[in-house]
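In: Quick one: sequence and predicted model below, then my questions.
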Amino acid sequence: MLRIITQVSEARAELQRICDRTHDDQVIHKEATVREVLQAVKRQGDRAVLHYTSEFDHLDLKPEDLRVSGSEMDAAYQQVSKELLDAIRLACRQIEAFHRQRVPKSWVHFGEDEVVLGKRYTPVDRAGIYVPGGQAAYPSTVLMNAVPAKVAKVPRIVMVTPPGPDKAINPAVLVAAQEAGIEEIYRVGGAQAIAALAYGTETIPNVNVITGPGNIYVTLAKKLVFGTVGIDSLAGPSEVLIIADKSANPTYVAADMLAQAEHDQMAAAILLTNDSVLARKVVDEVERQLVDHPRRLLTEKAIAHYGLVVVVESLDVAADLSNEFAPEHLELELVEPWDMLEKIRHAGAIFLGSSTPEAVGDYLAGPNHTLPTSGAARYASALSVETFLKHSSLIQYSQTALQKVAGTIDVLATAEGLYSHAESVRLRTRGSQELP
């Protein structure tokens with residue numbers, strides 16, 4: 001049953017409990033397993049990848065099975081409906097159009113005394129994308145990760161995804177990958193896939209950046225290889241927080257909460273409202289919509305453990321609680337959502353108004369659905385083109401400019417005890433006759 005809380009102190013405690021829901025004693029044991037997998041793949045390459053695929057996924061593959069063949073990729077187009085293909089292509093265009101607006105531009109500034117300063121953006125050489133798979137299919141995840149890499153002009157994009165029991169990759173996933181410009185796909189998942197991307201094997205190339213969500217083993221693997229490679233984020237269970245007033249439709253609010261809860265049994269669905277009548281209606285509506293829900297058992301578990309309704313005195317209190325929680329997804333189901341926006345400081349993605357369910361952002365709007373979770377929105381942002389870019393500073397000084405700042409550099413370098421730092425400037429500013 002979805003709980004209703006009216007005390008702010010109790011609400012804060014519950015929100016903190018939900019935020020910390022991945023911090024369990026099993027993580028230490030799982031991390032030890034992941035470390036073992038990483039080291040084995042680093043030392044043994046394909047052999048270890050195949051061993052752990054057999055052990056964890058119960059699939060016996062050969063090295064030549066790892067890479068998805070061109071014929072399998074071509075055949076995927078014959079296995080998806082025209083409606084699905086059209087939907088994938090539209091989503092791809094929408095996502096690409098949005099991310100093209102986000103490409104940072106290299107720049108150069110010419111200042112006094114022929115001082116030139118600037119910043120130059122270049123893509124990584126190779127990007128690795130992890131797409132969850134097995135029994136499920138997530139073509140939207142393919143697009144959300146691959147399209148920004150394509151827009152960033154990454155020369156080589158590699159995708160890994162676990163196959164199903166028949167060793168096949170879902171055709172919708174293969175079609176989405178090709179529509180996004182990926183031609184190199186490997187059928188492997190779990191921590192061994194992350195290790196292969198980080199260290200490289202005889203078959204799978206090492207990459208510079210790894211993106212994409214996965215289970216706890218994938219997340220821990222990404223955490224442990226960070227530094228060897230870059231990563232997008234450490235994705236936790238998904239979450240939505242809805243701030244609603246009396247204008248909100250309880251049927252819509254309940255549907256949005258269930259849309260989040262059906263992801264997995266650790267997903268969080270939270271409502272903050274200043275209207276007690278709406279709170280009760282939403283609770284009743286959630287119960288009603290659960291009756292014939294195709295994923296009822298899983299969704300009920302999420303709602304029971306991590307579902308919450310909080311009745312607050314004012315929307316200002318709701319904004320404060322939301323900022324403390326820093327949700328992955330924030331819906332503002334309000335008469336004037338843009339007025340509330342000014343009070344929101346931390347959220348991965350913000351959905352404004354009753355006609356903007358989170359599903360719009362998950363699939364089609366364009367902004368990325370790979371978002372910070374578990375409070376990380378306090379300091380992190382969505383996956384974007386910048387995830388696949390790095391920037392270099394550009395600095396050029398003329399002799400005149402260097403002469404003007406030489407004394408200041410000398411003072412600072414001397415204060416730090418770095419003799420050669422100071423000397424490298426002195427030698428250039430004493431005059432050519434004094435050079436050795």
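Out: Received it, and whenever you're ready, just let me know what you need.

In: Low-confidence stretches in this protein?
Out: Residues of the chain meeting the criterion pLDDT under 70: 24-26, 134-135, 431-436.

In: Chain neighbours aside, what residue packs nearest to the residue most central in space within it?
Out: When the chain is reduced to its mean C-alpha position, the closest residue under C-alpha atoms, centre = their mean turns out to be residue 370, at 3.4 Å. Across the structure, with C-beta to C-beta, 6 or more residues apart in numbering as the measure, the residue nearest residue 370 apart from its sequence neighbours is residue 383 (3.9 Å). C-betas here are computed from N, CA, C, even on glycine.

In: Same check on residue 255?
Out: For residue 255, the nearest residue in space outside its immediate sequence neighbours is residue 289; the separation is 6.4 Å by C-beta to C-beta, 6+ apart.

In: can you check residue 429 too?
Out: In space, and not counting its chain neighbours, residue 429 is closest to residue 406: 4.4 Å by C-beta to C-beta, 6+ apart.

In: Check the offset of whichever helix or strand the one you found is part of from the chain's centre.
Out: Assigned by DSSP states H and E, residue 406 falls within helix 399-415. Going by C-alpha atoms, centre = their mean, to the nearest Å, the spacing between the C-alpha centre of helix 399-415 and its chain's C-alpha centre is 44 Å.

In: which parts of it are buried?
Out: Within helix 399-415, the residues scored as buried using 16 or more other C-beta atoms under 10 Å are 401, 406, 409, 410, 413.

In: same check, this time on stretch 79-87
Out: When burial is assessed from 16+ other C-beta under 10 Å, stretch 79-87 yields the following buried residues: 80, 85, 87.

In: Tabulate those (a markdown table), appending secondary structure and distance to residue 104.
Out: Converted to a markdown table, the buried residues of stretch 79-87 look like this (DSSP: H, G, I helix; E, B strand; the rest coil; distance: C-beta to C-beta, whole Å):
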| residue | secondary structure | distance to residue 104 |
| --- | --- | --- |
| 80 | coil | 35 |
| 85 | helix | 32 |
| 87 | helix | 30 |
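
In: And those residues, which is closest to residue 397?
Out: When these are compared for distance to residue 397, the smallest value, 54.4 Å, is given by residue 87; criterion: C-beta to C-beta.

In: got a list of what the residue nearest to the centre of the chain touches?
Out: With contacts taken as C-beta atoms under 8 Å, 6 or more residues apart in numbering, residue 370 has the following neighbours: 141, 144, 145, 211, 212, 213, 232, 233, 235, 382, 383.

In: ok but it is inside a strand, no?
Out: No - Residue 370 is assigned coil when assessed by DSSP: H, G, I helix; E, B strand; the rest coil, not a strand.

In: looking at it, residue 139 is touching residue 176, isn't it?
Out: Yes - distance between residue 139 and residue 176: 3.6 Å, which falls inside the contact criterion (C-beta atoms under 8 Å).

In: between the two, who's got more neighbours?
Out: Set side by side, residue 139 and residue 176 show unequal neighbour counts under other C-beta atoms under 10 Å, the larger going to residue 176 at 32 against 25.

In: Just the element for the more buried one, please.
Out: In the assignment (DSSP H and E), residue 176 maps to helix 171-179.

In: Work out the gap between that helix and the centre of the chain.
Out: With C-alpha atoms, centre = their mean as the basis, the distance from the averaged C-alpha position of helix 171-179 to the chain average is 20 Å.

In: Could you list every helix and strand in contact with it?
Out: Packed against helix 171-179, as judged by 3 or more C-beta pairs under 8 Å, 6 or more residues apart in numbering; DSSP states H and E, are the following elements: helix 70-76, helix 82-100, helix 139-151.

In: Take those helices and write them to a markdown table, including distance to residue 339.
Out: Formatted as a markdown table, those follow (distance: least, C-beta to C-beta, whole Å):
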| stretch | distance to residue 339 |
| --- | --- |
| helix 70-76 | 47 |
| helix 82-100 | 25 |
| helix 139-151 | 30 |
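
In: Of those, flag the one that's most buried.
Out: helix 139-151 (a mean of 27; mean count of other C-beta atoms under 10 Å).

In: in a helix, that's where residue 426 is, yeah?
Out: Yes - when the secondary structure is assigned by three-state DSSP, residue 426 falls within a helix.

In: Would you quantify the distance from it to residue 31?
Out: With distances taken as C-beta to C-beta, to the nearest Å, residue 426 is found 51 Å from residue 31.

In: How about residue 217?
Out: According to C-beta to C-beta, residue 217 and residue 31 sit 9 Å apart.

In: neighbour count winner among these two?
Out: The neighbour comparison of residue 217 against residue 31 (other C-beta under 10 Å) goes to residue 217, with 20 against 16.

In: what helix or strand does the more buried one sit in?
Out: Per DSSP H and E: residue 217 is located in helix 216-225.

In: The stretch 201-350 of the chain: strands as residue ranges?
Out: Per DSSP state E, counting those that start in this stretch, the stretch 201-350 of the chain carries strands over the ranges 209-211, 230-231, 239-244, 268-273, 307-311, 329-333, 349-352.

In: Turn these into CSV, columns for mean neighbour count and distance to residue 250.
Out: CSV is the format used below for the strands of the stretch 201-350 of the chain (neighbours: other C-beta atoms under 10 Å; distance: least, C-beta to C-beta, whole Å):
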stretch, mean neighbour count, distance to residue 250
strand 209-211, 25, 37
strand 230-231, 20, 39
strand 239-244, 27, 9
strand 268-273, 28, 10
strand 307-311, 24, 11
strand 329-333, 28, 10
strand 349-352, 20, 17
